[in-house]
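Student: Here is my input, please return the structure:
(one chain, ligands or ions: 1)
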Amino acid sequence: MTVPETTAPFRFPVAGRYAGMASSPLKSIFDLAAAAGVVSFAGGIPDPELFDLGTVTAAYDWVLSHQGSRALQYGVSEGEPELRVQAARRVSRTLPTDASQIRVTSGSQEGLFVVAEALLEPGDVVLVESPTYLAAVQAFAVHGARMVGVATDDDGVDPAALEEAIRTHHPRMVYLIPSFQNPTGRTMPLERRRAVAEVLLRHEVPLIEDDPYGELSFTGVVMPPIASLPGMAERTLLLNSMSKLMSPGVRIGWIRGEGPVLETLAVAKAAISMQSSVVDQLMVARYLETAELDAHVRTVSAVYRERRDALAEALAPVLPAGAHVTRPEGGMFLWAALGEGYDAQEMLADAVAAGVAYLPGWSFFAEDPDRSTMRLSFVTHSPAVIAEAIGRLGEVIARHGGR
Ligand code: PMP
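Tutor: Numbers count the residues shown, from 1 in each chain. Just a heads-up that it's a prediction; the model follows:
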């Protein structure tokens, strides 16, 4: 056997649609933020102190001792029946749902990939909020879709701009995060949801509604999904996840849909991963059946609310005049636009040197980024740590003022 001599190391030819996407543009920022001594507001990392470890352990124990041989066996692509029943019960609080309408996924991230796999042709346009969740954009982009950003205001996507974009771009689908949006923390009021639904109904455009945060409400108000508005259920794929309510490590979520598309989703899911982990699905089913999840979510939300307050209060005096900052009523993120003359990406190195990190906002825009924006997660640190770190960020902002 002869191995041809060459000076160049072998390089795998990779798919063109992945070219330039070798890793997330945010990876280097997360690496920076993870440095010792840096208080990071960059990731949406739940405080591990808040995990309901005892109940999760009991649920795994129960599954392995009562359903052990099933838990360790292959399952079905649609998801384990018990979990689909529990998921349907939870979704039914705002949208009547049968277990047959649930497709289990390994977190909503896989849900987005499954949706893209099942629905998108290369060259299709997906309308997204401007700004929107970056990893959704990536899941759509690697399927060859072109993202077009639609203008938003404090109430979410602008229905008139949405209608205009639909007329201009003839999108395959619209992707929205109506509750406690990532990255802005904004929530679409009911009236706006109705206006958006009317536009989508008028133009027969399907909706991908991503709702991992809706239950993490600081006011107790959980908004009905757009999918629950008249006429919308059959044309919406609604994505939910256990990541923010129970654990992001377990990787369980689901898609709620109707009609023949459910079969296509199951085929796509089978092609990608056969099925989500059976042991994890059965554990989550048991957890949903036995845990006081509502009480747990109230506890977590109360802690996040306190931290939202701490972050908002610390930021108010250090933001420049003319800055715009959101005050989310739930979820994990707050969004600040520093305004004219500021570049949050450029400022980051100084911030990290001062021991504080955030996520520059430019990467969340499909086009025309506002480079003065930043996303700050308020879920990871205590109010005292938040106040101290934002004080240091304030000094950095002051140094960058008017550049
Ligand atoms: N959608 C949105 C809007 C998110 O913010 C996230 C998590 N950052 C996800 C989907 C994916 O979450 P998971 O895969 O953990 O369910």
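Student: State the distance from L216 to the ligand.
Tutor: Separation of L216 from the ligand (C-beta to the nearest ligand atom, to the nearest Å): 11 Å. From N, CA and C alone the C-beta is placed, and that goes for glycine too.
Student: One more: Y358?
Tutor: The spacing between Y358 and the ligand, counted by C-beta to the nearest ligand atom, is 16 Å.
Student: Could you pull up the residues touching that residue?
Tutor: Y358 is in contact with 40-42, 344, 348, 351, 374-376, 393, counting by C-beta atoms under 8 Å, 6 or more residues apart in numbering.
Student: how about those in CSV, adding distance to I255, secondary structure and pLDDT?
Tutor: Shown next, in CSV, are the contacts of Y358 (distance: C-beta to C-beta, whole Å; DSSP: H, G, I helix; E, B strand; the rest coil; pLDDT from 0 to 100):
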residue, distance to I255, secondary structure, pLDDT
S40, 31, strand, 95
F41, 30, coil, 96
A42, 28, coil, 94
A344, 34, helix, 96
L348, 35, helix, 95
A351, 38, helix, 96
M374, 31, strand, 97
R375, 26, strand, 98
L376, 30, strand, 98
L393, 38, helix, 97
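Student: what are the phi and psi values for the closest residue to the ligand within the chain?
Tutor: Nearest residue of the chain to the ligand: G107, at 2.7 Å (C-beta to the nearest ligand atom). With angles defined as degrees, to the nearest 10, G107 sits at phi 80, psi 170.
Student: list the buried ones in the lowest-mean-pLDDT helix or strand in the chain?
Tutor: In the chain, no helix or strand scores lower on mean pLDDT, DSSP states H and E than helix 27-33, which sits at a mean of 73. Using 16 or more other C-beta atoms under 10 Å as the test for burial, helix 27-33 gives 29, 32-33.
Student: Which secondary structure elements does that helix sit against?
Tutor: Applying 3 or more C-beta pairs under 8 Å, 6 or more residues apart in numbering; DSSP states H and E, we find helix 27-33 packed against helix 344-353, strand 356-357.
Student: who in this structure is up against the ligand?
Tutor: 44, 107-109, 133, 177, 182, 210, 212, 241, 243, 248, 253 (C-beta under 6 Å from any ligand atom).
Student: Mind doing that once more with 8 Å?
Tutor: 44, 106-112, 133, 135-136, 177, 181-182, 210, 212-213, 239, 241-244, 248, 251, 253, 332 (C-beta under 8 Å from any ligand atom).
Student: Mind giving me the ChimeraX command for buried ones among the residues you listed?
Tutor: To isolate the buried subset of those in ChimeraX, counting by 16+ other C-beta under 10 Å, use the following:
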select :44,106,107,108,109,110,111,112,133,136,177,181,182,210,212,213,239,241,242,243,244,248,251,253,332
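Student: Which of the residues of the chain next to the ligand fall in strands?
Tutor: Of the residues of the chain next to the ligand, the ones assigned to strands by DSSP state E are 210, 239, 241, 253.
Student: Contact partners for the last one?
Tutor: This points to G253. Here G253 is in contact with 104-108, 110-111, 212, 239-243 (criterion: C-beta under 8 Å, 6+ apart).
Student: That one - nearest residue in space that isn't next to it in sequence?
Tutor: In space, and not counting its chain neighbours, G253 is closest to S241: 3.6 Å by C-beta to C-beta, 6 or more residues apart in numbering.
Student: I'd guessed that neighbour sits against E110; true?
Tutor: No - look at S241 against E110 with C-beta atoms under 8 Å: they stay out of range, at 9.8 Å.
Student: Low-confidence ranges, this structure, go.
Tutor: 22-27, 402-403 (pLDDT under 70).
Student: try it again with 90
Tutor: 1-37, 44-47, 366-367, 401-403 (pLDDT under 90).
Student: quick one: the helices in it?
Tutor: For the chain, the helices defined by DSSP state H occupy 27-33, 53-66, 68-71, 81-91, 107-119, 134-141, 159-169, 190-203, 261-273, 278-290, 293-315, 344-353, 383-400.
Student: Tell me which of those is the most buried.
Tutor: Comparing the helices of the chain on average neighbours per residue, with mean count of other C-beta atoms under 10 Å, the densest one is helix 107-119 at a mean of 24.
Student: Which strands and helices lie in contact with it?
Tutor: strand 102-105, helix 134-141, strand 207-210, strand 236-241, strand 253-256, helix 261-273.
Student: Select, out of those, the one closest to D158.
Tutor: Ranking the helices and strands packed on helix 107-119 by proximity to D158 (C-beta to C-beta) places strand 207-210 first, at 15.7 Å.
Student: Can you list the strands that that closest one pairs with?
Tutor: strand 173-176 (parallel), strand 236-241 (parallel) (DSSP bridges).
Student: Surely V385 is in contact with V39?
Tutor: Yes - assessed by C-beta under 8 Å, V385 is found in contact with V39 at 6.0 Å.
Student: about what we covered before: between the helices and strands packed on helix 27-33, which one is closest to K269.
Tutor: Across those, closest to K269 is strand 356-357 (C-beta to C-beta), at 35.5 Å.
Student: Please name the residues that touch the residue nearest to E234 when sequence neighbours are not counted.
Tutor: Setting aside the residues directly before and after it, E234 is nearest to E258 in space (C-beta to C-beta, 6+ apart), at 4.7 Å. Residues in contact with E258 (C-beta under 8 Å, 6+ apart) are 101, 233-234.
Student: I figured L50 hits R298, correct?
Tutor: No - counting by C-beta under 8 Å, L50 does not reach R298; the two are 11.7 Å apart.
Student: thinking again about what came up before, now the contacts of Y358 in a markdown table, with distance to R194?
Tutor: A markdown table is the format used below for the contacts of Y358 (distance: C-beta to C-beta, whole Å):
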| residue | distance to R194 |
| --- | --- |
| S40 | 38 |
| F41 | 34 |
| A42 | 35 |
| A344 | 34 |
| L348 | 39 |
| A351 | 41 |
| M374 | 32 |
| R375 | 28 |
| L376 | 31 |
| L393 | 39 |
